[in-house]
Every structure is written in structure tokens, then in C-alpha cells.
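Trainee: Everything below, folded, please.
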Amino acid sequence: RSRRIYIVDRHVNSIREELRDDLGLWIRRRLTKGIGVQGQKAQQTLAVHGIEEKVLRHEWQQQRASECPRTS
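Mentor: Okay, the predicted model is just below:
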């Protein structure tokens, strides 16, 4: 019985290490694909509605300033 537990434990550790090693590639792939598609859709939406990026950046800056007042 203890031998079977040892074998299963070794097998689980092997799978865990393999998945851990591939995690960085998986994250990079998800970010690259997801951000690219999401960015393209956002650019298309802005173009359709005639909104310039600099206007949104300015509004975002104002929002951040109002939400996080600076303290001295």
C-alpha cells in the first residue's frame, strides 16, 4: 500500500512540475492573444463613435485625480 502511495505521489509531482514549467508560456499566450483582440475591438469602437484616445486619457486622468486626492 505504501509503495502505491509513493508511486502516485511521484506521478503527481511530475505532473505538477510539468504544468508549472508550462505556466509562463500559457500566461504569455493568453496575454498576447487576449490583449491584441481586445485592443483591436476597443480601437474600432472608438473610431465608430468618433472618440479620440487623448480625450479618454484626459478624462481618465481627471477621474483618478478626483478619486485619489493628494496629501502632503
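Trainee: Show me what the mean pLDDT comes to for the longest helix along the chain.
Mentor: For the chain, the longest helix by residue count, based on DSSP state H, is helix 2-49. Average pLDDT, helix 2-49: 88.
Trainee: Give me the most central residue, the protein.
Mentor: In the chain, the centroid-proximal residue (CA atoms, centre = their mean) is Leu31; its distance is 5.4 Å.
Trainee: what about that one, distance to Val37?
Mentor: Using CB to CB, to the nearest Å, one gets 11 Å for the distance from Leu31 to Val37. Heads up, the C-betas are built off the backbone N, CA and C, glycines and all.
Trainee: helix or strand for Gln62, which one?
Mentor: helix 53-67 (DSSP states H and E).
Trainee: tell me the angle that helix makes with helix 2-49.
Mentor: Helix 53-67 runs at 110 degrees relative to helix 2-49, counting by axes from the mean of the first three to the mean of the last three CA atoms, to 10 degrees.
Trainee: how about helix 53-67: buried residues?
Mentor: Within helix 53-67, no residue is scored as buried using 16 or more other CB atoms under 10 Å.
Trainee: For Leu46, the count of nearby residues, please.
Mentor: For Leu46, the count of nearby residues is 14 (other CB atoms under 10 Å).
Trainee: Alright, I will stop here.
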